[in-house]
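Peer 1: coords please:
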Amino acid sequence: IHTLLQRRKNTDKIKRPNALPGKESSLIMSVNYSVQEIGFTSQNYQPFLWKRMSLREYYCRGEMMKCPRCGNAQKSYFYKGSHGYYCRKCIGFGRLLLEEEEMAVKLEDIHADCSEYTMQYPLTKFQEVVSKECQMHIRTQDVLLECVCGAGKTEMVLASIADALNENRKVCFAIARRQVVLELSERLQTYFTKAKIIAVCGGHTDELDGDLIVCTTHQLYRYQGQFSLLILDEPDAFPYRGDEVLHGIAQHACIGHVIYLTATPDSYLLSKVKEGTMRHIVLNKRPHGHDLPVPRLFIYPSIILFY
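Peer 2: Residues are numbered from 1 along each chain as shown. Coordinates of the predicted model:
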């Protein structure tokens with residue numbers, strides 16, 4: 001093919017509407033067939049060239065390339081291997097060709113009566129208001145639950161979890177740290193005694209399906225398009241904050257809406273609230289109802305430190 005192109009280079013340059021300028025040589029060389037296999041003649045090689053070129057335009061035009069796992073669309077992160085193009089931005093989760101689909105875990109249906117939950121203590125009036133507001137708005141939009149540390153954020157989303165389970169929708173509780181995943185899964189099991197709750201993190205990947213899945217944010221790559229409700233705890237903390245790959249994987253894992261639990265929302269979350277695409281619910285009181293202590297700074301002369 002290359003030899004044939006060189007012979008016609010100065011006499012019969014190939015032209016086509018909407019073709020990529022300067023790409024004729026690279027496109028032809030990317031076709032992995034010999035002249036004998038194709039049966040080229042001066043009459044039939046040109047239509048075949050444009051047929052192959054239409055397939056290759058997907059790879060040569062950077063704006064059309066998008067990773068099916070992390071959503072990356074930056075041209076510099078795509079590399080062509082022996083089997084096709086793949087994204088190097090999320091290569092840490094395994095090589096995934098652009099033509100392939102992520103092999104997501106096949107999840108079974110929710111067990112009956114798994115939405116029932118019990119608590120050994122009732123919610124305070126402030127927690128009850130926040131819980132009902134979150135339960136109402138999560139059906140139509142994402143929710144940012146900004147509550148101080150120790151306010152009971154987990155208990156305030158139990159009603160939203162129960163609603164999703166009652167409607168046979170999969171729920172995931174994603175957390176940044178592995179140890180918190182193990183602790184929270186045991187804690188949620190005491191609330192939802194009839195539900196099958198599993199923890200998915202490093203060292204705990206033998207079982208991947210349950211009524212309620214608690215996992216690290218890195219493990220969300222296993223569940224592409226599986227969850228109707230995703231609860232992200234501390235999205236402003238490392239490693240989720242500022243990691244475009246984890247952001248993309250989380251977005252691809254959830255087909256419904258997301259509840260963000262944090263005491264210190266970052267600029268990204270606040271911008272979503274300002275745009276009107278996210279509901280912002282604030283609670284600045286702990287269950288005891290007292291005001292939070294505010295630190296005060298006293299500055300004295302250094303000589304006082306000796307007394």
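Peer 1: What does the residue nearest in space to the middle of the chain show for phi and psi?
Peer 2: For the chain, the residue nearest the mean C-alpha position is Ala250 (1.5 Å; C-alpha atoms, centre = their mean). Dihedral pair for Ala250: phi -60, psi -40, per degrees, to the nearest 10.
Peer 1: Using the three-state scheme, assign the residue nearest to it when sequence neighbours are not counted.
Peer 2: In space, and not counting its chain neighbours, Ala250 is closest to Leu220: 5.5 Å by C-beta to C-beta, 6 or more residues apart in numbering. All C-beta atoms are positioned from the backbone trio N, CA, C, and that covers glycine. Classification of Leu220 by DSSP: H, G, I helix; E, B strand; the rest coil places it in helix.
Peer 1: cool, and the one 4 residues further on?
Peer 2: Reducing the assignment at Gln224 to three states with three-state DSSP gives coil.
Peer 1: thought it was touching Gly71?
Peer 2: No: using C-beta atoms under 8 Å, Gln224 makes no contact with Gly71, being 10.9 Å away.
Peer 1: which neighbours do those two share?
Peer 2: His252 (C-beta atoms under 8 Å, 6 or more residues apart in numbering).
Peer 1: the strands in this protein, which residues?
Peer 2: Assigned by DSSP state E, the chain shows strands spanning 78-80, 85-87, 142-147, 171-175, 197-200, 212-216, 227-233, 254-262, 278-283.
Peer 1: quick one: contacts for Met278?
Peer 2: Gln141, Asp142, Val143, Leu144, Tyr260, Leu269, Lys272.
Peer 1: Out of those residues, which comes closest to Leu158?
Peer 2: Val143 (14.1 Å; C-beta to C-beta).
Peer 1: Show me which parts of stretch 148-156 are buried, residue by residue.
Peer 2: Ala151, Gly152, Lys153, Thr154, Glu155, Met156 (16 or more other C-beta atoms under 10 Å).
Peer 1: and the last one, what does it touch?
Peer 2: Pointing back at Met156 there. By C-beta under 8 Å, 6+ apart, the residues touching Met156 are Leu123, Gln127, Val130, Ser131, Cys134, Leu145, Cys147, Leu283.
Peer 1: Out of those, the closest to Thr190 would be?
Peer 2: Leu123 (15.9 Å).
Peer 1: Verify the contact between that closest one and Gly152 for me.
Peer 2: Yes: contact status for Leu123 versus Gly152: in contact at 7.4 Å, counting by C-beta under 8 Å.
Peer 1: Now, the buried residues of stretch 148-156 that are in helices?
Peer 2: Lys153, Thr154, Glu155, Met156 (DSSP state H).
Peer 1: what's the neighbour count on the closest residue in space to Cys149 that isn't next to it in sequence?
Peer 2: Spatially, and ignoring its direct neighbours in sequence, Cys149 is nearest to Ala263 (5.1 Å; C-beta to C-beta, 6+ apart). With neighbours defined by other C-beta atoms under 10 Å, the count for Ala263 comes to 16.
Peer 1: what do you get for Arg286?
Peer 2: That count, for Arg286 with other C-beta under 10 Å as the rule, works out to 18.
Peer 1: Gln127 versus the residue lying closest to it once chain neighbours are set aside, what's the distance?
Peer 2: In space, and not counting its chain neighbours, Arg286 is closest to Gly150: 4.9 Å by C-beta to C-beta, 6+ apart. In this view, Gly150 and Gln127 are 12 Å apart by C-beta to C-beta, to the nearest Å.
Peer 1: shared neighbours of the two, anything?
Peer 2: Residues touching both Gly150 and Gln127 by C-beta under 8 Å, 6+ apart: Pro287.
Peer 1: Ends of stretch 278-290, what's the gap?
Peer 2: This stretch, stretch 278-290, spans 29 Å end to end (C-alpha to C-alpha, to the nearest Å).
Peer 1: One more: stretch 195-208?
Peer 2: End-to-end for stretch 195-208, by C-alpha to C-alpha: 15 Å.
Peer 1: quick one: terminal-to-terminal distance for stretch 201-215?
Peer 2: 6 Å.
Peer 1: I meant stretch 142-161, not that one.
Peer 2: End-to-end distance (C-alpha to C-alpha), stretch 142-161: 14 Å.
Peer 1: One more: stretch 219-230?
Peer 2: Stretch 219-230: ends 13 Å apart by C-alpha to C-alpha.
Peer 1: For it, what does the pLDDT average out to?
Peer 2: Stretch 219-230 shows a mean pLDDT of 92.
Peer 1: How far away from the center of its chain is that stretch?
Peer 2: With C-alpha atoms, centre = their mean, to the nearest Å as the basis, stretch 219-230 stands 8 Å off its chain's centre.
Peer 1: Any chance you could list what contacts that stretch?
Peer 2: So stretch 219-230 is contacted by 68-69, 90, 93, 102, 104-105, 107, 138, 160-161, 164, 169-172, 174, 200-201, 205, 208, 213, 215, 246, 249-250, 252-259 (C-beta under 8 Å, 6+ apart).
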